[in-house]
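Chemist: Mind looking at a prediction? Sequence and model below.
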Amino acid sequence: MLKILTDGMLGKFTRWLRMLGHDVKYDSNLDDEALIRIAKDEKRVLLTRDLQLQQQAIARSVNVFLVKGENEAERLAALSQRFQISLEFNPDNSRCPKCNTKIRPTKKEKVSKKIPPNTRKFYEDFWECVECGKVYWQGAHWKRIAETFKEARSILASG
Ligand SMILES: [Zn+2]
């Protein structure tokens, strides 16, 4: 898993990388100078869509990657090609997309107050973030997520 720092334009992409289990720091208030300093101090890979920031980071010996691509699948494929990261989505290895804490499997009884009645009826497997308390399950939204990862894998395979 990578230690990553994303710039202010990559808030949405940050969530995808956390879902894959990477430790991703994101704070839209950081300016370029702060991004470079944190990436250097914490040995994080800096991801940016800003060519100027990329050039500055290279000049300061920061491990930086310019994220290209029109959609999340293309961006994921580009990152996977560069850093050989897996594009297989496994919730047992995931971090909370919202706050970057590792999510853990939990019992339905424990989270029943946090989930809608229909979800309670149709799903058995749940994960919870111990930091922010958010509960996850493999519902309709999750299927769309899995499709994006599948698309990213096929982009990668086709080079
Ligand atoms: Zn969380």
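Modeler: Alright, I've got the coordinates. Numbering: from 1, shown residues only.
Chemist: ok, and the closest non-adjacent residue to residue 76?
Modeler: Closest residue to residue 76 apart from its sequence neighbours, by C-beta to C-beta, 6 or more residues apart in numbering: residue 152 at 3.9 Å. From N, CA and C alone the C-beta is placed, and that goes for glycine too.
Chemist: check contacts around that neighbour.
Modeler: 72, 73, 74, 76, 77, 80, 87 (C-beta atoms under 8 Å, 6 or more residues apart in numbering).
Chemist: Among those, which lie within helices?
Modeler: Those of the contacts of residue 152 mapping onto helices are 72, 73, 74, 76, 77, 80, per DSSP state H.
Chemist: Which one of these is nearest to the ion?
Modeler: Lowest distance from the ion to the ones in helices among the contacts of residue 152 (C-beta to the ion) belongs to residue 72, with 19.9 Å.
Chemist: right, and that closest one touches residue 145 too?
Modeler: No: taking C-beta atoms under 8 Å as the definition, residue 72 is not a contact partner of residue 145, at 9.6 Å.
Chemist: What ranges does the chain have for its strands?
Modeler: Using DSSP state E, the strands of the chain run over 3-6, 23-26, 45-48, 64-66, 103-106, 126-129, 135-137.
Chemist: Tell me the most packed of the contacts of residue 152, by neighbour count.
Modeler: Neighbour tally across these (other C-beta atoms under 10 Å): the maximum, 25 neighbours, falls on residue 76.
Chemist: And it, what's its pLDDT?
Modeler: Per-residue pLDDT puts residue 76 at 98.
Chemist: quick one: contacts for it?
Modeler: When contacts are counted by C-beta under 8 Å, 6+ apart, residue 76 touches 16, 87, 148, 149, 152.
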